[in-house]
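# okay, structure incoming, though there's no sequence with it:
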């Protein structure tokens, strides 16, 4: 018969001890103390904290830069709008502002060109033909003031054509030219080119095109411009 190792009371006692050890951690009675973090773990934790701080700082600086940049853009836009408002007040004959940054009208004086420069205008477009009465050397004055000067001679109704209209629209298509002052003797030819552009190049209905022309200064040339557009 096989012999049992040890008395029955001893086996029972040692079994209880084992069960007590296995259940102690579950009941929170005799859990062993947590080991201290190693130097490597501490170093890794510090590195993670530093990366978090750097990321937070970088994100904050980026947000600040975007905010400051937005304020700067808003200030520039506000200043440009103010320049355009002041430009509309320049007392050239029949002054009109058909679009922001575009002033049309009649022949400006020397003082009015200087006013335009002070108001922020960059470009003068002269639609008059050489030798017309009341003309003066605008090109020299514009050069003196550091302004662009562009001559597009429009000889009455005959000059209301595709070539001259495209030349004007090319100037207006370059935003570096803005603000722009466009003039003839009275603003009539400027309005005629605007009407021609609206109808022939942009394809707008004739009545709408003529209304755009009137907003830009079209007056006595309107009947002739209407006939030109009807023949297109």
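Yes, it's here. All figures in this text were calculated on a predicted structure; none of them were measured in a lab. Numbering: from 1, shown residues only.
# quick check, pLDDT for residue 37.
Residue 37 carries a pLDDT value of 61.
# and if you look at residue 201?
Note on residue 201: pLDDT of 97.
# distance check, it against residue 157.
18 Å (Cβ to Cβ, to the nearest Å). Using the backbone N, CA and C atoms, a C-beta is placed for each residue, glycine as well.
# okay, these two: which has more neighbours?
Taking other Cβ atoms under 10 Å, residue 201 and residue 157 do not tie; residue 157 has more neighbours (17 against 13).
# report how many residues lie close to the closest residue to that one other than its chain neighbours.
Nearest residue to residue 157, sequence neighbours excluded (Cβ to Cβ, 6 or more residues apart in numbering): residue 224, at 4.0 Å. Using other Cβ under 10 Å, residue 224 is surrounded by 14 other residues.
# residue 224 belongs to a strand?
No - going by DSSP: H, G, I helix; E, B strand; the rest coil, the assignment for residue 224 is helix, not a strand.
# ok, it to residue 122 distance?
32 Å.
# again, but for residue 177
Taken as Cβ to Cβ, the span from residue 177 to residue 122 is 6 Å.
# now the helices for the protein?
Assigned by DSSP state H, the helices in the chain fall at 8-27, 39-88, 110-118, 138-145, 162-172, 188-196, 206-215, 222-230.
# by mean pLDDT, show me the worst of these.
With a mean of 46, helix 8-27 has the lowest mean pLDDT of the helices of the chain.
# ok, now which ones touch residue 208?
Residue 208 sits next to residue 198 when contact means Cβ atoms under 8 Å, 6 or more residues apart in numbering.
# going forward, begin numbering at 47 instead of 1
Sure, I'll start numbering at 47, so the last one becomes residue 254.
# what residues go with each domain of the chain?
Structurally, the chain divides into domains by automatic domain parsing as follows: 84-129, 135-276.
# check the ones you listed for me and report the most buried one.
Sort the domains of the chain by mean neighbour count, taking mean count of other Cβ atoms under 10 Å, and domain 135-276 sits at the top with a mean of 18.
# quickly list what's touching both of residue 223 and residue 168.
In contact with both residue 223 and residue 168: residue 194, using Cβ under 8 Å, 6+ apart.
# list the contacts of stretch 218-227.
Here stretch 218-227 makes contact (Cβ under 8 Å, 6+ apart) with 129-130, 133, 136, 138, 147-151, 154, 162, 165-171, 194, 217.
# select from these every entry located in strands.
148, 149, 150, 151, 169, 170, 171, 194 (DSSP state E).
# between those, which sits nearest residue 235?
Nearest to residue 235 out of the ones in strands among the contacts of stretch 218-227 is residue 150 (Cβ to Cβ; 9.5 Å).
# roughly how far does the closest one sit from residue 184?
The gap separating residue 150 from residue 184 is 15 Å, by Cβ to Cβ.
# please apply the same query to residue 136.
Counting by Cβ to Cβ - residue 136 and residue 184 are separated by 14 Å.
# again with residue 177
Taking Cβ to Cβ as the measure, residue 177 falls 14 Å from residue 184.
# got it, and residue 196?
10 Å.
# which residues do the two both contact?
With Cβ under 8 Å, 6+ apart as the test, residue 196 and residue 184 both reach 170, 172.
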